[in-house]
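Novice: this is the structure alone, sequence omitted:
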Ligand SMILES: NC(=O)c1ccc[n+]([C@@H]2O[C@H](COP(=O)([O-])OP(=O)(O)OC[C@H]3O[C@@H](n4cnc5c(N)ncnc54)[C@H](O)[C@@H]3O)[C@@H](O)[C@H]2O)c1
């Protein structure tokens, strides 16, 4: 019997989720969105039979549902995940996991009490580059990763003005919480060590300048809020003695958009990098996956060649969710990791607000 899934939220990620779920053999039986017209349009586009404008009504009407995927503004990740878990459904939720570690802790406890799977769409872990790099890390080629640099920096990539992305109450913040993928990927490579301290600064340069808008056509909301940071830079230490630095921005004087994790291990360094020629457009990207070793007394650079994956793992991560439910693959991420990540994000905002390092 195939796994039955409903998608909550008719946003741009719905297509990737649907493709991945179907590739793994799951059935998508419904789509729910508070905006009925958006739900109908997306359901028609993706060939989904049932449409609902209320999640509670959908959960009641479809007892056969096994799981939901949640693709809505960040503020609704925790309440909708908790509602679905309490109704006995497994949950695949978009990133960021929640607005705060406090919310994430409740989500984790709810999943444990309901004995349901709770996973997040950290799709960059599902890129071919990340799978390849993890093989080297797991087989001991890299050794202990001492230091890591995580970057998602843009030049002009603000996701609209006045919409939910730039409204702190709905998003939880700007690029620090939105572009947390590379911090997550760096932590994943490092083995998700226990964080000790975080120190960070945020800035708001360009955040209301319309010429710094990204190219995705996200509509502006004239009277909406734009009260989030445009960039954040920080440093996290771990109880193990490891450390990670991060740079994230929607708008900053960078040469081009760069999405990368670079690390220095005891035996080898490495890098997974995507460079965009034009901010945010996938078909202009260049991908690199490399290991830096020292062999026979000489530095050696190894290029790892993997199939191109323009969607950056967004399809493969949905495949992993279904396979994790079936027990044929390990889940690519866990609620414990999401909680640790949210503690770092919370701490980074607190450090930026207080000007002090924060103990985690
Ligand atoms: N993994 C990735 O690469 C990636 C990329 C883009 C967005 N995202 C994430 O996806 C999520 C959605 O972003 P988006 O750009 O698709 O947003 P969007 O604004 O385009 O779409 C969100 C949809 O959710 C609906 N919605 C809002 N509240 C709802 C509720 N309570 N119940 C049901 N539907 C509700 C809205 O009507 C809207 O149709 C965000 O969490 C974002 O961070 C992830």
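Specialist: In hand now; what should we look at? From a predicted model like this one, the values you see are computed outputs, not experimental measurements. Residues are numbered from 1 along each chain as shown.

Novice: how many neighbours does the residue of the chain found nearest the ligand have?
Specialist: Closest contact between the chain and the ligand, by C-beta to the nearest ligand atom, is at residue 11 (1.8 Å). Yep, even glycine has a C-beta here, placed from its N, CA and C like the rest. Residues lying near residue 11 (other C-beta atoms under 10 Å) number 15.

Novice: how about it: what's its closest non-neighbour residue?
Specialist: residue 71 (4.9 Å; C-beta to C-beta, 6 or more residues apart in numbering).

Novice: and that neighbour, how many neighbours?
Specialist: Neighbour tally, residue 71, other C-beta under 10 Å: 25.

Novice: residues in contact with it?
Specialist: Residues near residue 71 by C-beta atoms under 8 Å, 6 or more residues apart in numbering: 7-11, 13-14, 17, 94.

Novice: all helices of the stretch 251-360 of the chain, in order?
Specialist: 314-326, 335-354 (DSSP state H, counting those that start in this stretch).

Novice: before we move on, the earlier item: which of the contacts of residue 71 fall within helices?
Specialist: Of the contacts of residue 71, the ones assigned to helices by DSSP state H are 14, 17.

Novice: farthest-apart pair in the contacts of residue 71, please.
Specialist: 10 and 94 (12.7 Å; C-beta to C-beta).

Novice: tell me which of those two has more neighbours.
Specialist: For the pair residue 10 and residue 94, the greater number of neighbours falls to residue 10 (26 against 21), based on other C-beta under 10 Å.

Novice: residue 120 versus the residue nearest to the more buried one when sequence neighbours are not counted, what's the distance?
Specialist: Distance criterion C-beta to C-beta, 6+ apart; nearest residue to residue 10, sequence neighbours excluded, is residue 42 at 3.6 Å. Remark: distance between residue 42 and residue 120 (C-beta to C-beta, to the nearest Å) = 21 Å.

Novice: out of those two, which sits in the more crowded spot?
Specialist: residue 120 (30 against 23).

Novice: next to the ligand, which bits of the stretch 51-200 of the chain? Give me the list.
Specialist: Within the stretch 51-200 of the chain, the positions near the ligand by C-beta under 6 Å from any ligand atom are 55, 71-74, 76, 94-95, 121, 123, 164.

Novice: isn't residue 72 up against residue 11?
Specialist: Yes. The criterion here is C-beta atoms under 8 Å, and residue 72 meets it with residue 11 at 7.2 Å.

Novice: where along the stretch 251-360 of the chain do the strands fall?
Specialist: Using DSSP state E, counting those that start in this stretch, the strands assigned to the stretch 251-360 of the chain run over residues 257-265, 269-276, 285-295, 298-303, 358-359.

Novice: quick one, which of those strands is nearest to residue 148?
Specialist: strand 257-265 (4.3 Å).

Novice: anything in that closest one near the ligand?
Specialist: No. Residues of strand 257-265 are not located near the ligand by C-beta under 6 Å from any ligand atom, the shortest gap being 10.6 Å.

Novice: and that strand, which strands flank it?
Specialist: For strand 257-265, the pairing partners within the sheet under DSSP bridges are strand 145-153 (antiparallel), strand 269-276 (antiparallel).
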